[in-house]
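Asks: Next come a sequence and a model predicted from it.
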Amino acid sequence: MHKPDGPLFIAMGRELLRDDARDRDMQIDTEDQHPLAGRIIGAPVPMLVPPDGPVHVLIVGEAPGPRGADKSNIPFWGDAAGKHLYTALAAIGAVTLPRTYDTVAWDGNALRRRAYRPTAHGVALTNALDRCPTDDGFRFRAPARRELQSPDNLSRLAADMERLLPRGLRGVLTLGRVATSTVEFLLSTRPDLTLRTQSVVHPSAQGLLSMAPNRGKGSRMADLQAQWQARCQAAVVELGFVVPDTVPPDTVAPDTVAPET
């Protein structure tokens, strides 16, 4: 599908790109901040796994974002595109979100300070690369193929899958081209990992735009977000997630939580 061009991209894309631009330009919240809040930490972000019960689907993104998962140390948590994912998963009972998480900035550092964290149910979340890629500790860059396909990274991703197999892992959902190509490469080298795969576009502004018909004419941000969330939910269910008979409220965390020190 062709990317909207020139004035059309500007006209219909400005609203879609606003959240991404806000995340890049927003001054970093310094109250009780992490010592490295103004820098990319670059530490490995572990897979988010349900505390108990079966895990039928693994969701794989690209890499932790510099303002989100790099600071929260939870996949997608605080990433600009991660809010669409968590909203979709909460609606089908695949995650539980803290009661008042949306009263603070959608920012990994702010979420970490208040010890707000999601709880997964029946799905696990990780990334094709488990750390925020950077060359200078300040600027995010796309993960390189040599990083994604390095023996250490592929071993880590394979270990994530192997860890979930005894809990009933059936399939892998990839978000975007980078995650899809990495998982496909891994599975091509590991025929013993007989897992079903599906992919959806990355829930970034650019990914949402790629879904728009007629090169974006007449599309609205809210409509594209809703379409993406519906596609994500359908893929998760088709890969094996069992929607509970009664989806619990997506806001069941304690009223108060101790902030992380």
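Replies: That came through fine.
Asks: Could I get the full set of strands for the protein?
Replies: Using DSSP state E, the strands of the chain run over residues 57-61, 95-96, 119-120, 123-127, 171-175, 196-200.
Asks: Pick the most deeply packed of those.
Replies: Of all those, strand 57-61 has the most neighbours on average by mean count of other Cβ atoms under 10 Å, namely a mean of 28. Any C-beta I mention is one placed from the backbone N, CA and C, and that applies to glycine too.
Asks: strands paired with that one, and their directions?
Replies: strand 123-127 (parallel), strand 171-175 (parallel) (DSSP bridges).
Asks: quick one: it to strand 196-200, angle?
Replies: Between strand 57-61 and strand 196-200, the angle comes out at 40 degrees (axes from the mean of the first three to the mean of the last three Cα atoms, to 10 degrees).
Asks: Excluding residues flanking it in the chain, which one is nearest V104?
Replies: A110 (4.8 Å; Cβ to Cβ, 6 or more residues apart in numbering).
Asks: Is it possible to get the strands of the chain out as CSV so that each row also shows mean pLDDT?
Replies: As requested, the strands of the chain are exported to CSV (pLDDT from 0 to 100):
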stretch, mean pLDDT
strand 57-61, 98
strand 95-96, 98
strand 119-120, 98
strand 123-127, 98
strand 171-175, 98
strand 196-200, 97
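Asks: which residues touch the closest residue to R196 other than its chain neighbours?
Replies: In space, and not counting its chain neighbours, R196 is closest to G171: 3.8 Å by Cβ to Cβ, 6+ apart. Neighbouring residues of G171 by Cβ atoms under 8 Å, 6 or more residues apart in numbering: 56-58, 195-198, 238-240.
Asks: Tell me the one among these nearest to S188.
Replies: T197 (11.2 Å; Cβ to Cβ).
Asks: Show me what T197 is bridged to.
Replies: V172.
Asks: Okay, now the unreliable bits of the protein?
Replies: 1-38, 214-219, 247-261 (pLDDT under 70).
Asks: which residue ranges form the helices in it?
Replies: 6-25, 69-72, 82-91, 108-113, 145-148, 151-164, 177-189, 205-210, 221-238 (DSSP state H).
Asks: which one of those helices lies closest to P98?
Replies: That would be helix 108-113 among the helices of the chain, by Cβ to Cβ, at 8.5 Å.
Asks: Can you list the helices and strands that the closest one packs against?
Replies: Secondary-structure packing of helix 108-113 (3 or more Cβ pairs under 8 Å, 6 or more residues apart in numbering; DSSP states H and E): helix 69-72.
Asks: from the chain's centre, how far out does the helix it packs on sit?
Replies: Centroid separation for helix 69-72 versus its chain: 11 Å, with Cα atoms, centre = their mean, to the nearest Å.
Asks: same question, stretch 159-174
Replies: Distance, centroid of stretch 159-174 to centroid of chain: 17 Å (Cα atoms, centre = their mean).
Asks: and if you look at stretch 72-79?
Replies: With Cα atoms, centre = their mean, you get 7 Å for stretch 72-79.
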